[in-house]
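> build me a model from this:
(chains A and B)
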Amino acid sequence: MRYDFTPAQIAWRDEVRAFVREHLTEALLAELREAGNEGKGPLADRFILALRDRGYWGLAWPVEYGGLGRSAIDQWIFVDELESAGAPMLPLTVTSVAPTIMRIGTEAQKKEWLPRIVATEVDFAVAYSEPDAGTDMASLRTRAVLDGDEWVINGQKMWNTMAHMATHNWVAVRTEPDAPKHKGISMMIVPMDAPGVTVQAIYVWPGLRTNALFLDNVRVPRDHLIGERGMGFYYAAMALNFERLSIGSVGMIRRYVRELVAVVRELRVDGQPLREHPWVRERLARLAVDIEVARMLGLETAWQLAQGSVPAAPSSMAKVFVSELAQRAADAGTELLGMNGQLHPDEPAAHLHGRMQWLYRTAPLLAFGGGTNEVQRNIIAMLGYGLPRK
Amino acid sequence: MQLTFTPDQQALQNAVERFCQEQVTAERLHAWQDQPRQIDARAWRVIADLGWFGLGLPEPSGGSGLGLVEVACLLQECARGLVPRSVINAVRGGWALARLDAAASELAEVGRGTRVVALAFDEASASDPAAYATTLEDHGGAPRVRGEKWYVPGGLSADYQIVAAREGSGVSLVLVAAEATERAALRTFDGEEQALVRYAASPVLRRLGPAGDAASALRAVRREGTALALAEMVGGMQAALDMTVAYVKEREQFGQKLAVFQAVQHQVADMATAYTAARHLAWQAITRIAAGTEVGLELMHAGAFVPQAFKRITTAAHHLHGGAGYVVEHPLHYHSERAQALCIRYAPEAPALATIASDLLD
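Sure, this is the predicted structure:
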């Protein structure tokens, strides 16, 4: 049992930290606050390209695809450092879609798509959900029918975040209508400029933009079906697993709580230092403990991955705990800032640039998104402890 | 980073687990309640022959010379298998004596389980040495103890006591023979043998550390004691979780296993999540204390979380077992009692949170 990083892991962490110190400028942080996720902004783009030029896009990709082939622990360190510093995160194209293509695509498909991803010619939005297929993704109804050498796609997708900026969409479609519902789905790449593709903005509570995607007789080449026909449900699960590796990270919350603590140390209320209030001390101490708890769940996930296991239960534990911790942190953060906690981010007097109330509005998404916490708890019970489905 | 035990540590745990499955049955635990040490003499001897009492004692004294991590492995499995607290406290007492005086002549018998050391630190309403009423007096150049120690684990039957007492403006640690003291039983809700010990100018066998300057030694012994308690808690948690998982897979209501109900699955998931995090927080603290590589508040983070998680897990385990786990013959209540008893004795939440808050804000 050793919880300390190895010298090589410490060297890697320091390398990532040095990169962040050099590239995460005040101007970039201001741009990130300003832009939300509606526009990535020129400085964020430059940061992401700098990550690529250092080879960090392929951090966990196999060496044969130009990756660094680093371990899951190294990947965890990387995500933790970037989140904790408030840096832009790698896009899903790099962390979720590309690793899936590497594993399931044909040789021709890998040659077609991976170099274009690295060259930033291709950037994906991800389309699994539909109006009537959310948590129950296998019930999706978007259809693709083969017509000669082309698939003809019809249907509607929901929560297609970043679709208005992406070049392509990674879409789950039903290709085998007569097969059982889990076995009739395929993964397809749809260029956003294909005729019949329409994107409609949807704004959600924290002010973030996501989209509905309409596919009306959209035609794509036959080889845009990635991997095998009928395997799409499992490919989507694989891609979601890759995605979840970063969702369970507590780096963002650690940063917010660190900034909150810095503010609380300076504030005086009614002439008294706020930090002397017993209730304030207790709530902040509890958050500090919970951040360590979340860190351990993340490490267990990374450790199991590094040992070659599929860490279904611990990654779900981390996701559940971190998402619910985000709600507690935001609740404490807004409330103990007192009257100031209600201020809008655009209000110059708002402490932490209003990030605590932004987190208050964002935290529910973390719990119901990325697979609801109910499903995650079922996964822990079923895959971790063998409780039966029926 | 290495989040698994070494093969030797795993083998030790497996051996203790095997012993517990064979020897520490629910029927025996129930029968042992009438014994002074909650265990019969034969089982005590078997444990002594297995070398548990000498595991962490120095080799020149006949011990195995293993470290805090191995002793924690032993106690984790003892707690999981509900080995009576008298055994656990004897291991703790021996470990503390060896840490304070590795050449103590008493260690040979302590390691064989024929003599037991108790730790007499707490008082009726003081655990901070600055607030101790018990003092060391000078009797013609020889120190003697005057005062009272409360909540002394194993204190009724132990042969020696390590006593912490004020001396001048500081604190001292001394070894006292039990027969030089007056001992009265304190009944505890988990059945742990405890004593109220009175010292009326009790002579001292030997000093353990410099006169009036043992505060840091006492702190170190207590921190290791807390680390060992964390290992015990992890073992108890695992037992409560495992028996609950087994029970909900077997018990049927409404024509199906309890395990298929989502409300049940979600409680199991929360128990498992708390256990997973608690296990790592505890072992991070234990291994760093053992290696002397603490970087911050590992022990406080574990102390604030692990006992609370243990209590939540046992409470949920009772809920999911219903009446079946509520009868005295069922072993679950032993874990539930230990959860709160260990929390009170070794890792209450309030001081841990206060230390963490102070680190953040002061």
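> the residue lying closest to B:A158 once chain neighbours are set aside: what secondary structure?
Nearest residue to B:A158 in three dimensions, chain neighbours excluded: B:A118, at 3.6 Å (CB to CB, 6 or more residues apart in numbering or on different chains). C-beta here means a position set from N, CA and C on the backbone, and glycine is covered the same way. The three-state label for B:A118, taken from DSSP: H, G, I helix; E, B strand; the rest coil, comes out as strand.
> what's B:A118 in contact with, if anything?
B:89, B:93, B:152-155, B:158, B:160-162, B:178, B:195 (CB atoms under 8 Å, 6 or more residues apart in numbering or on different chains).
> is it in a bridge, and if so with what?
Beta-bridge pairing for B:A118 (DSSP bridges): B:Q161.
> filter the contacts of B:A118 down to the ones in strands?
Among the contacts of B:A118, the ones falling in strands (DSSP state E) are B:152-153, B:160-162, B:195.
> can you list the residues you listed in CSV and add pLDDT and neighbour count?
Output for these, formatted as CSV (pLDDT from 0 to 100; neighbours: other CB atoms under 10 Å in any protein chain shown):
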residue, pLDDT, neighbour count
B:V152, 98, 26
B:P153, 97, 26
B:Y160, 98, 24
B:Q161, 98, 31
B:I162, 98, 23
B:A195, 98, 25
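> buried residues in the helix or strand harbouring B:Q21, which are they?
Using DSSP states H and E, B:Q21 sits within helix B:7-23. Buried positions in helix B:7-23, judged by neighbour count with 16 or more other CB atoms under 10 Å in any protein chain shown: B:9, B:12-13, B:16, B:19-20.
> helices and strands around it, which ones?
Applying 3 or more CB pairs under 8 Å, 6 or more residues apart in numbering or on different chains; DSSP states H and E, one finds that helix B:7-23 contacts helix B:41-50, helix B:68-80.
> and the angle from that helix to helix B:68-80?
20 degrees (axes from the mean of the first three to the mean of the last three CA atoms, to 10 degrees).
> past the biggest strand by length in chain A, which element shows up next along the chain?
Assignment by DSSP E gives strand A:209-221 as the longest strand of chain A. Under the assignment DSSP H and E, the closest C-terminal helix or strand after strand A:209-221 is strand A:225-226.
> thinking again about what came up before, what mean pLDDT does the helix holding B:Q21 get?
For helix B:7-23, the mean pLDDT works out to 97.
> contacting residues for A:P221?
A:149-151.
> so what's it bridging to?
A:E150.
> show the pLDDT at it.
Predicted confidence (pLDDT) for A:P221: 98.
> repeat for A:R141
97.
> low-confidence ranges in the stretch 101-250 of chain A?
When residues are selected by pLDDT under 70, those of the stretch 101-250 of chain A lie in A:245-248.
> any idea how the chain splits into domains?
If you meant another chain, say so; for now it's chain A. A:7-90, A:124-230, A:248-385 (automatic domain parsing).
> wrong chain, I was asking about chain B
Split by automatic domain parsing, chain B gives B:7-115, B:119-212, B:216-361.
> for the shortest one, how far is the first residue from the last?
With CA to CA, to the nearest Å applied, domain B:119-212 spans 18 Å between its terminal residues.
> on that earlier part again, quick one: the helices and strands packed on helix B:7-23 as JSON lines, columns for distance to chain A, mean neighbour count and mean pLDDT too.
Listed next are the helices and strands packed on helix B:7-23 as JSON lines, based on distance: least, CB to the nearest CB, whole Å; neighbours: other CB atoms under 10 Å in any protein chain shown; pLDDT from 0 to 100:
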{"stretch": "helix B:41-50", "distance to chain A": "23", "mean neighbour count": "15", "mean pLDDT": "96"}
{"stretch": "helix B:68-80", "distance to chain A": "7", "mean neighbour count": "25", "mean pLDDT": "98"}
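> dump the ones you listed to a markdown table, plus distance to A:K319.
Below are the helices and strands packed on helix B:7-23 laid out as a markdown table (distance: least, CB to CB, whole Å):
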| stretch | distance to A:K319 |
| --- | --- |
| helix B:41-50 | 43 |
| helix B:68-80 | 28 |
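> how about the longest helix belonging to chain A and chain B, touching?
In chain A, with assignment by DSSP state H, the single longest helix is helix A:278-306. Yes: using CB under 8 Å from any CB of the partner chain, helix A:278-306 reaches chain B at A:281-282, A:284-286, A:288-289, A:292-294, A:296-297, A:299-300, A:303.
> wait, which of the contacts of A:P221 is closest to A:I189?
Here the nearest of those to A:I189, counting by CB to CB, is A:W151; it sits at 10.2 Å.
> and the nearest residue to that closest one once chain neighbours are set aside, how many neighbours?
Take A:W151 and drop its neighbours on the chain: the residue closest to it by CB to CB, 6+ apart is A:A144, 4.5 Å away. If you count neighbours by other CB atoms under 10 Å in any protein chain shown, A:A144 ends up with 28.
> doesn't A:A144 lie inside a strand?
Yes: when three-state DSSP is applied, A:A144 is found to be in a strand.
> what bridges to it?
Going by DSSP bridges, A:A144 forms beta bridges with A:I153.
> how far away is it from chain B?
34 Å (CB to the nearest CB, to the nearest Å).
> touching, that residue and A:A172? I think so.
No: between A:A144 and A:A172 there is no contact under CB atoms under 8 Å: 10.0 Å.
> and for the two, which residues touch both?
Contacts common to A:A144 and A:A172, judged by CB under 8 Å, 6+ apart, are A:186, A:188.
> how about the strands in chain B?
B:117-120, B:135-139, B:142-153, B:160-167, B:170-177, B:182-186, B:194-203, B:206-207, B:252-253, B:256-257.
> alright, I will stop here.
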